[in-house]
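Undergrad: Pasted the sequence and its predicted model underneath.
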Amino acid sequence: MTFKKITHQLHLWLGLSSGLVVFIVSITGCLYAFKTEIEALTEPYLFAETQAKTILPPSVFEKGAKKIFPKKHLHAINYAGKGQSVEAIFYGIEPEYYDIIYFNPYSAEVLKVKDMDTDFFRIILMGHYYLWLPANIGQPIVASATLIFVILLISGIILWWPKNKAAAKQRFQFKWKTNTQWKRKNYDLHNVLGFYASWVVLIIALTGLVWGFEWFANSVYWRLGGEKSTVFAEALSDTTFKKSESRNTPNIDILWKKISLEQPNINAIEVHIPDSDSSSIAINTNTEVGTTWKIDYRYFDQYSLKELSVNHLYGRLKDAKFADKAIRMNYDVHIGAIFGFAGKLLAFFVSLISASLPITGVYIWWGRRNKQKIG
């Protein structure tokens, strides 16, 4: 059996075994591409009219949020950006819950209380990540199918690559005349569209593998020269610290104001509430709209307010080296946001083509299978 025949068999059977998962992951990714833009049009509580008043500190929203959910853990207070509402985020694993309360940043008026398990894009994301299965079951399936899909993309390029210039013209163009049969059109949809989209889809799939397998993320990171841990580990507060003086202002407010003054060009700031006596106060800031790789992650002792250092990727942006920034960019590259709206548009269309490949591929296989039976 020749190399090309072996590649064809590999492409066929791997495609049939992973097709349904690839379709679900691709179509959910396609639907998720313009989440921010769609929510901006359909969810008015995300916004608050800018006023000539001082924005309220996080302790005010913490107090208001805990009145609504007194028995749930308040994960963070998020100032999403100028002209946007403030979010009080409740998140728990056992028992599992995810709720967001939206406040007016100037008056602390409650604009919306939302159970995120009923949110459309949250449901789409759970399909993309876990196929709507428990995480410990769905995540390995999605990761494995993504790895198979990478092999499919590479084998597809090998199968479709023309041997000479004469074949290139036929291979890279649609042959859709009025009298062209649907089988031929389907064949071109799978091969020609698949070929052109595969180069971008390959990047999307590889960035997906960074989340899918820890060994893959570590391999990429270390290959780029990374020296830190790719796994998040919380910085811990000194529980033996004795306050030398009482503070009238809550510690989260002191840190929020301090960082806001230090970084006047901040677009968004998220203050994480300690969930135990040893937890730190984590404060994330972002100066850029629409991307996440420039987020500055800072950690403070919840008692002394001393800034703490970490030895993983999610620390200060100024300390990030090339490899650190490359992994931080993974999400923005995956969804196309690294290239702005045009990048997201490209990600949308190639994800749509990616979702079509299992369908058109099965149709090609089924047609050949029936032809062989008849013959």
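TA: Looks like it arrived, so ask away.
Undergrad: how close does the closest residue to residue 187 other than its chain neighbours sit to residue 198?
TA: Nearest residue to residue 187, sequence neighbours excluded (Cβ to Cβ, 6 or more residues apart in numbering): residue 364, at 6.1 Å. (Glycine included, C-beta is placed from N, CA and C.) Separation of residue 364 from residue 198 (Cβ to Cβ, to the nearest Å): 16 Å.
Undergrad: what does residue 148 give?
TA: Residue 148 sits at a distance of 14 Å from residue 198 (criterion: Cβ to Cβ).
Undergrad: Which one's more surrounded, the two?
TA: residue 198 (21 against 18; other Cβ atoms under 10 Å).
Undergrad: Could you say which helix or strand holds the more buried one?
TA: Residue 198 belongs to helix 194-212 when assigned by DSSP states H and E.
Undergrad: buried ones in that helix?
TA: Neighbour counts over helix 194-212 (16 or more other Cβ atoms under 10 Å) mark 194-195, 197-198, 200-202, 204-212 as buried.
Undergrad: So of these, which two are at opposite extremes in space?
TA: The span of these, defined through Cβ to Cβ, is set by 195 and 211 at 26.4 Å.
Undergrad: what about the strands in the stretch 201-350 of the chain?
TA: In the stretch 201-350 of the chain, the segments counted as strands under DSSP state E, counting those that start in this stretch are 268-272, 280-286, 296-301, 307-308.
Undergrad: okay, the ones you listed in JSON lines with mean neighbour count and mean pLDDT next?
TA: As requested, those are exported to JSON lines (neighbours: other Cβ atoms under 10 Å; pLDDT from 0 to 100):
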{"stretch": "strand 268-272", "mean neighbour count": "20", "mean pLDDT": "97"}
{"stretch": "strand 280-286", "mean neighbour count": "22", "mean pLDDT": "96"}
{"stretch": "strand 296-301", "mean neighbour count": "22", "mean pLDDT": "96"}
{"stretch": "strand 307-308", "mean neighbour count": "16", "mean pLDDT": "95"}
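Undergrad: Any idea which of these gets closest to residue 42?
TA: Judging these by Cβ to Cβ, what sits closest to residue 42 is strand 268-272, at 20.7 Å.
Undergrad: Pairing partners for that closest one, with directions?
TA: Taking DSSP bridges as the criterion, strand 268-272 forms sheet pairs with strand 74-79 (antiparallel), strand 280-286 (antiparallel).
Undergrad: picking up where we left off before, quick one: residues in contact with the helix holding residue 198.
TA: With Cβ atoms under 8 Å, 6 or more residues apart in numbering as the test, helix 194-212 has contacts from 25, 29, 139, 142-144, 146-147, 149-150, 153-154, 156-157, 160, 171-172, 216-217, 220, 327, 330-331, 333-334, 346-347, 349-351, 353-354, 357, 360.
Undergrad: what about burial for the residues you listed, which qualify?
TA: By neighbour count, with 16+ other Cβ under 10 Å, those hold 25, 29, 139, 142-143, 146-147, 149-150, 153, 156, 216-217, 220, 327, 330-331, 333-334, 346-347, 350-351, 353-354, 357, 360 as buried.
Undergrad: Among the residues you listed, which lie within helices?
TA: Among the buried ones among the contacts of helix 194-212, DSSP state H puts 25, 29, 139, 142-143, 146-147, 149-150, 153, 156, 216-217, 220, 327, 330-331, 333-334, 346-347, 350-351, 353-354, 357, 360 in helices.
Undergrad: picking that back up, CA atoms only: put the helix holding residue 198 into PDB for me.
TA: C-alpha atoms of helix 194-212 as PDB (Å, rounded to 0.1, in the frame of the first residue of the first chain):
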ATOM      1  CA  GLY A 194     -11.400  22.600   3.200                       C
ATOM      2  CA  PHE A 195      -8.000  23.200   1.700                       C
ATOM      3  CA  TYR A 196      -8.200  27.000   1.800                       C
ATOM      4  CA  ALA A 197      -9.700  27.100   5.400                       C
ATOM      5  CA  SER A 198      -7.400  24.400   6.700                       C
ATOM      6  CA  TRP A 199      -4.400  26.700   7.300                       C
ATOM      7  CA  VAL A 200      -6.400  28.900   9.600                       C
ATOM      8  CA  VAL A 201      -8.400  26.100  11.200                       C
ATOM      9  CA  LEU A 202      -5.100  24.400  12.000                       C
ATOM     10  CA  ILE A 203      -4.000  27.400  14.000                       C
ATOM     11  CA  ILE A 204      -7.400  27.400  15.800                       C
ATOM     12  CA  ALA A 205      -7.100  23.600  16.500                       C
ATOM     13  CA  LEU A 206      -3.500  23.900  17.800                       C
ATOM     14  CA  THR A 207      -4.400  26.700  20.100                       C
ATOM     15  CA  GLY A 208      -7.300  24.600  21.300                       C
ATOM     16  CA  LEU A 209      -4.900  21.800  22.100                       C
ATOM     17  CA  VAL A 210      -3.000  24.200  24.400                       C
ATOM     18  CA  TRP A 211      -6.000  24.000  26.700                       C
ATOM     19  CA  GLY A 212      -6.800  20.400  25.900                       C
END
